[in-house]
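Visitor: Just to be clear, the model below is a prediction. Sequence and coordinates:
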Amino acid sequence: MKKNGSTDTVATGDGARGRDLPLVGVPTQTGHEGRTRHEVARLLLEQGPITAAAVADQLGISPTAVRRHLDALLADGEAETRDASSRVRRGRGRPAKSFLLTDAGRARFGHAYDDLAVAAIRFLAEHGGKDAIRAFAEHRVASLVGPHREAIMRVSDPQARLEALAVALTREGYAASTQRIAAGTGQQRESVGGASTQLCQHHCPVAHVAAEFPQLCEAETAAFAELLGTHVQRLATIARGDAACTTHVPTDTQNPPRDKRAGSTKKGMPA
């Protein structure tokens, strides 16, 4: 491998190690720095734990440059260190450290979780039909909100209960927030009068799967209606290409949420 002195350049000739292996994923940064950091991360993935000196030797870049990229990976939580093996030759000074990727670092090389999930649900649909998909979707959303149900249901004020639901969704990775809507305006004018709020989910961990199987969104919306004790209406979803999943929720404080004892049920709630 070609050495390049103190420059931060990775040898890319036909003889460069690993070039016969396909690279999975793309650098999280663009440009020269991003490509080099990705190469450093790739070595940690393939050979970690590995020392900085070994990385520098294999990539043909200076130890100083390697340490810069390793420090950045450590700062971003993408790499971690451990004491190097006693078989590694050491000079004087501090004990040598070896570097390896964390789960966050491995994520830059991509996962096939979405593809696997889609394949699994397709198999379920083929062998169990639509009812099986619906049952799966309802089970999933029950597992999602189940741990937070008690905290949500103990709140009687409609707006406060919706805020509690938004907090629960955020804790589950949905980056949820609420936004008050003026009475009888916009999309709400034709459906529900009085005070209302939009529940906005700015992230959806299953958007790719839900794009093919909207039953996931439908079960989620029905669960919101049951928890909030009122009719809710899904206005937009990330799965359909919208910027956020937006749900209209009437929050008239004169009509507090109905619990199951008052006859509320998730059956018949629209998606």
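Guide: Nice, thanks for sending it over.
Visitor: Helices of the stretch 151-271 of the chain, start to end?
Guide: 158-171, 207-212, 215-228 (DSSP state H, counting those that start in this stretch).
Visitor: other SSEs contacting the shortest one?
Guide: Spelled out, that is helix 207-212. If you count contacts as 3 or more CB pairs under 8 Å, 6 or more residues apart in numbering; DSSP states H and E, helix 207-212 packs onto helix 113-145, helix 215-228. Glycine gets a C-beta too; all of them are placed from N, C-alpha and C.
Visitor: Any buried residues in the shortest one, and which?
Guide: Buried residues in helix 215-228, defined by neighbour count with 16 or more other CB atoms under 10 Å: 215-228.
Visitor: which helices and strands does it pack with?
Guide: Counting by 3+ CB pairs under 8 Å, 6+ apart, the packing neighbours recorded for helix 215-228 are helix 113-145, helix 149-153, helix 158-171, helix 207-212, strand 245-250.
Visitor: wait, what's in contact with residue 171?
Guide: Neighbour list for residue 171: residue 148 [criterion: CB atoms under 8 Å, 6 or more residues apart in numbering].
Visitor: before we move on, what about the one 3 residues further on?
Guide: Residue 174 sits next to 201-205, 245 when contact means CB under 8 Å, 6+ apart.
Visitor: mind redoing it with 6 Å?
Guide: By CB atoms under 6 Å, 6 or more residues apart in numbering, residue 174 lies in contact with 201, 203.
Visitor: Was I right to think residue 169 contacts residue 176?
Guide: Yes: in this structure, residue 169 is within contact of residue 176 by CB atoms under 6 Å, at 3.8 Å.
Visitor: list residues touching both of these two?
Guide: With CB under 6 Å, 6+ apart as the test, residue 169 and residue 176 reach no residue in common.
Visitor: Include mean pLDDT and distance to residue 109 when you put the helices of the stretch 151-271 of the chain into TSV, please.
Guide: Output for those, formatted as TSV (pLDDT from 0 to 100; distance: least, CB to CB, whole Å):
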stretch	mean pLDDT	distance to residue 109
helix 158-171	95	27
helix 207-212	92	18
helix 215-228	96	27
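Visitor: closest one to residue 46 among these?
Guide: With CB to CB as the criterion, residue 46 lies closest to helix 207-212 of these, at 27.3 Å.
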